[in-house]
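Engineer: any chance you could fold what I've pasted below:
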Amino acid sequence: MFKKLMLSLLLGSAVVSNVWALEDKDMPYINPDEGRIGEVRRVEDNTEFKVCADPDNMPYSNLKQEGFEDKIAAVLAQELGKKLTFQYAYYRQGFLRNTLNANRCDVVMSTTADNDSMRTTNPYYRSGYVYVWRKSSNYNIKDWDSPDLRRGIIGIVGQSPPSRPLHDHGLMENARPYRMQRDLNFPPSQLIDDLVKGDIDIAIVWGPIAGYFAKNASIPLEVAMIPEYENTNVHGKENWNIAIGVRHKDKARQQEINGALERRKADIDKILDEYGVPHIPIVAGDDLVKKAREVNRSEEHTSELQSH
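Structural biologist: Numbering: from 1, shown residues only. A predicted model of the protein is given here:
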């Protein structure tokens, strides 16, 4: 469960995503032999800023480089005086193994800042889960105690962090769960689309996805950040610092990106705003994921010792 949750957060896909609109002939496939021991390996080129990206995962990235991650990557590449290039692969299990860790690319955008599967930069924004509802409903939702949460059907990604407070506040009877794992049959805007159609009355969605599709919806929608609920358990944590990931050995790359992030902060914030990405002040030292992994490993070690 912990690994499933962290995969969804790492990939920014705590809602369903799709590949249905992308023809096979358009997908730049990875060479399965490249990067294997004894086979062809990419030679790192310090003149390029090569991003590991999904080819069809708006608002983050796509082949046309229309996502906000694409735009931020372009800003950083320009600041560092490097050529922006991409290695595309769908965000699913094995993404890091087949891209960053296989040396096919050097940078992963939008990961949790304390993700210990990579060396991460300083966080460049902080976002979280949000409530979204139709403006015409006249709801006023500020937190889990808001009465309007009990007046309609709530669309939520099953097993995502907001599921915990939803359960704690007795709202599960109102909930319609959506799949956490990537579903190839539905677009990433599915929850917002269903909200617009009236199939659900409230959507609880990861902020960058909700903000973008709400901003571009055919009817007026309201978006409100969900207050932090749990600071000691990833299953109830709503707000996260977001950073860029590189390989563990790439300390120099991390440091140069840190410098570029600091120098171009105003440009990055402007891009986030243009895409409707809700963002709040970064919280220093928010390393719950790292602590949770340490606890998980400790429990596994204790269990192993007890079994002998």
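Engineer: how far away is Gly236 from Tyr129?
Structural biologist: 11 Å (Cβ to Cβ, to the nearest Å). In this view, the C-beta of every residue, glycine as well, is placed from N, C-alpha and C.
Engineer: can you check Glu228 too?
Structural biologist: With Cβ to Cβ as the criterion, Glu228 and Tyr129 are 10 Å apart.
Engineer: with neighbour numbers in mind, choose between the two.
Structural biologist: Tyr129 (24 against 14; other Cβ atoms under 10 Å).
Engineer: helix or strand right after the lengthiest strand in the chain?
Structural biologist: Assignment by DSSP state E gives strand 125-134 as the longest strand of the chain. Sequence-wise, the next helix or strand downstream of strand 125-134 (DSSP states H and E) is strand 154-157.
Engineer: what comes into contact with that next one?
Structural biologist: 8, 14-16, 162-163, 166, 171, 174-180, 191, 194-195, 199-206 (Cβ atoms under 8 Å, 6 or more residues apart in numbering).
Engineer: residue contacts, Met172?
Structural biologist: Counted by Cβ under 8 Å, 6+ apart, Met172 has contacts Leu166.
Engineer: which pLDDT value goes with it?
Structural biologist: With respect to pLDDT, Met172 scores 94.
Engineer: for it, phi and psi?
Structural biologist: Met172 adopts backbone torsions of phi -60, psi -30, taken as degrees, to the nearest 10.
Engineer: now the common contact residues for Glu228 and Tyr129.
Structural biologist: With Cβ under 8 Å, 6+ apart, Glu228 and Tyr129 have common neighbours 238-239.
Engineer: now do stretch 90-109: distance to the chain's middle.
Structural biologist: Relative to the centre of its chain, stretch 90-109 is centred 14 Å away, using Cα atoms, centre = their mean, to the nearest Å.
Engineer: again, but for stretch 243-254
Structural biologist: That offset, for stretch 243-254, works out to 18 Å (Cα atoms, centre = their mean).
Engineer: got the buried residues for that stretch?
Structural biologist: 243-247, 250, 253-254 (16 or more other Cβ atoms under 10 Å).
Engineer: of those residues, which belong to helices?
Structural biologist: 253-254 (DSSP state H).
Engineer: is it true that Pro220 touches Val132?
Structural biologist: No - applying Cβ atoms under 8 Å as the test, Pro220 and Val132 come out as separate, 11.2 Å apart.
Engineer: and those two? Which one has more around it.
Structural biologist: Val132 (25 against 9).
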